Each structure stands twice: as structure tokens, then as C-alpha cells.
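J.: here are the coordinates; sequence isn't available:
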DNA sequence: CTATTGCGGACATTTAGCATCCGGATTATA
DNA sequence: TATAATCCGGATGCTAAATGTCCGCAATAG
Ligand code: FES
Ligand code: FES
């Protein structure tokens, strides 16, 4: 039950993009640099985000990644889905259909109780992630950060966007 | 984000134990046989359940595993915790403390928004699993199974408990 | 004493995650 | 038009974890 590191990486990257003026983006290299992450691997993750429709890519000089939608319309679940896929963590291999006591006319149309319990738990998890938007996160992070921090970020951004 | 197969294996094994008369158990071999699972690996998982306090082990001839508590007091989360551990799936490596814009007096006592959002989602997931007991599952499974199936299980159990 | 059973460690195999690199395509800019 | 910046997808290697087996030891019932 471990989530890929890439989720933390890309969630923070998206939070940074969400703090930018709408339509403005950053190249993958800059997004990696901002959190001191491996640039090549970050690039891979950003490609996955683009395939998942969370960000848009702009190729060529001056290009980069920007949010594909307003930050209010992007949830943490969208990011998880793009990076990890939509497969449930609990994978049922229908072991109830195996063994010495399976009856030939066994009725397996009804879902397994265990399977559905885990399914519902996972839906609760997803629902919570869907309820948190990038805008929520970006505003909270900005509100909580010190003036020095904000200034440092502004300077860095001006250099990167120049 | 994948859960170990062992959770499905042991959850079904515990459901079987919950259907037995209180205090009665089965050896790991029988639990594996019932769902046609790899006996040696099932034994490993049952040891983990015992370490986690979900089942009790009885050594020696005629021994085996039985539930450590009434089935109403054992939840699916107890099983997940015993097999997978209590570590959250989302592991924050505090990447916000890295990069060119971190201020020396950065205040990282406040939790990261992203981190806490994932933490809350995971708590919702656990809460749902904690709300489902083995007794719930065992009664539902028994209720839904056909008379032939119940008869086959009874015969098999008599052979194993003899 | 012997057969049964759980316990823990060692070990091998397979799979998934982490990370890098490269060639090709696209585009702004000089 | 030439050049540099940038994304894209695939190939590749490395590491960690999950999967699965085996063995010797300890406990216990008969
Ligand atoms: S058969 Fe897969 S969870 Fe029950
Ligand atoms: S620093 Fe780890 S989730 Fe924000």
C-alpha cells in the first residue's frame, strides 16, 4: 500500500502552477529545480500529467507546462489518477471461486462482501481527494508562507519567466 | 498504490474462521487449501496475523489458528494493519523544504497542505474499513451462499476438524 | 517417541518503482 | 534559415518490494 513519490512531486508542481497567473506555465526543468528534484524523472511525471489532461504542454523554446483547466476544477484525485492510474488498490482475484468447496452451480454474480467493502472504502478515499482542489491548496499555502518566502519565490519566478 | 494479495487471502481466511464455532480454529494448511492458495505463503501471512493480534496460534498436533477476539471486534482494518502495517500510503518526503526558494527561517511546523489532505483522505479510508467487522462479512456470506455450498463446507470442515 | 503444527530466518524469483539517456519533433528567436 | 529550448516516447539499468519456497527449531497431542 504505497503511493508513488511522483504524486507528491506533481502535486507540489501543480500547486506552484496554480499560483501563477492563468495561462502562464513553466518548463519541467524549472518545476524540478523549485523543489530540488531529479529533472529527468520529473519530466517523465509531467508527461503523465499531460496525458491525463491535468496540464497542457507547450513545445519549443519558451514553452513548458501550464494547468489545462482553472485550478478550482483540478482535484488531487485528478493528479493521482494521472500518475498512478484509476485501478483500485485492492485487487480481487476471486479466490472465492477456487478450492474444494466450490459448488458447480456457484452463483458468483453477487459481489464478494470483502471485495465490495474494500471498494467502498476506496471510494470514500477518492471522494475526499476529489473534494480538494488545487485552488484550495494554493491559497492556503500562499496564506501560510512568510513574506520573505513569497519574495524569494517572486524573484525566482521573474528569472524563470524572463 | 497496490495492496498486497495477502490481504485478500487473510481476509477470506478470517471470514472462514469467523463462521466456525467460537474457540475453534484451523491449521494454516487447511486455510490455504480452502481457497487453493500457496500453502507456504499462506502460512507466512497467518504468522503476520498472529503477530498483529488478529488471530491466536495453537502449536502442536491438533493446533492451528483461531480468532483472537469475537468476530464482532475484528475489523477489516485490523487485518490490513497486520499484513501491510500502519504506515500511510502517502509518504511525504518534505520536498517543500528543498529548493532555491526556501527561506532560512522557514516555518515548517505547520503541516503541508498537500500532506494533510492526503492524510485526511486516508483516515476516511481507514474509518470505513474499521466500520466493517468480520461478523458482518461472515453473516452476509453465509446468508448469500446456496444450500449446496453450505453443505459442502460442512462436510469439508468435519473432515478437517476430525 | 512420533506426527503435527507454528515460528522465524534464509533464500530465490518476479515485479514494480526509480532514474537516466537519447533521438525525434516542435517552436520562438536571433 | 540556423540555433537553442522544450516536449515526447522508447530503451535501458538499478534498486526495492512483493511473491514464493525451504529448512531447522520449538511446542504439543496422542
Ligand atoms: S474473492 Fe476477492 S475479495 Fe472475495
Ligand atoms: S512536502 Fe510532502 S506533501 Fe508537501
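T.: Yep, that arrived. Since the structure is predicted, the reported quantities are computational estimates derived from the model, not experimental observations. Numbers count the residues shown, from 1 in each chain, chains lettered A, B, ... in the order given. Ligands and ions are numbered 1, 2, ... in the order given.
J.: burial of whatever residue of chain A ends up closest to DNA strand C, as a residue count?
T.: Nearest residue of chain A to DNA strand C, counting by Cβ to the nearest atom of the strand: residue A:60, 2.3 Å away. Backbone N, C-alpha and C define where each C-beta goes, glycine included. The tally of other residues near residue A:60 (other Cβ atoms under 10 Å in any protein chain shown) stands at 6.
J.: and it, helix, strand or coil?
T.: Following DSSP: H, G, I helix; E, B strand; the rest coil, residue A:60 is assigned to coil.
J.: quick check: phi and psi on it?
T.: phi 90, psi 170 (degrees, to the nearest 10).
J.: which helix in chain A runs the most residues?
T.: helix A:113-130 (DSSP state H).
J.: how about the helix or strand following that helix, does it reach chain B?
T.: Going down the chain from helix A:113-130, the next helix or strand is helix A:134-144, by DSSP states H and E. Yes: using Cβ under 8 Å from any Cβ of the partner chain, we find that helix A:134-144 touches chain B at A:136, A:137, A:140, A:141, A:144.
J.: for stretch A:96-108, same thing?
T.: Yes: against chain B, stretch A:96-108 shows contacts by Cβ under 8 Å from any Cβ at A:96, A:98, A:99, A:100, A:101, A:102, A:103, A:105, A:106, A:107.
J.: tell me the contacts of the residue most central in space within chain A?
T.: Using Cα atoms, centre = their mean, the residue of chain A that lies closest to the mean C-alpha position is residue A:79, 1.9 Å off. By Cβ atoms under 8 Å, 6 or more residues apart in numbering or on different chains, residue A:79 lies in contact with A:7, A:10, A:11, A:14, A:49, A:52, A:54.
J.: measure residue A:133 to DNA strand D for me?
T.: 23 Å (Cβ to the nearest atom of the strand, to the nearest Å).
J.: do you have the helices of chain A handy? List them.
T.: Under DSSP H, chain A gives helices at A:5-19, A:28-34, A:39-51, A:76-84, A:113-130, A:134-144, A:147-161.
J.: which one of the ones you listed lies nearest to residue B:74?
T.: Residue B:74 sits nearest to helix A:113-130 of all the helices of chain A, at 13.0 Å, using Cβ to Cβ.
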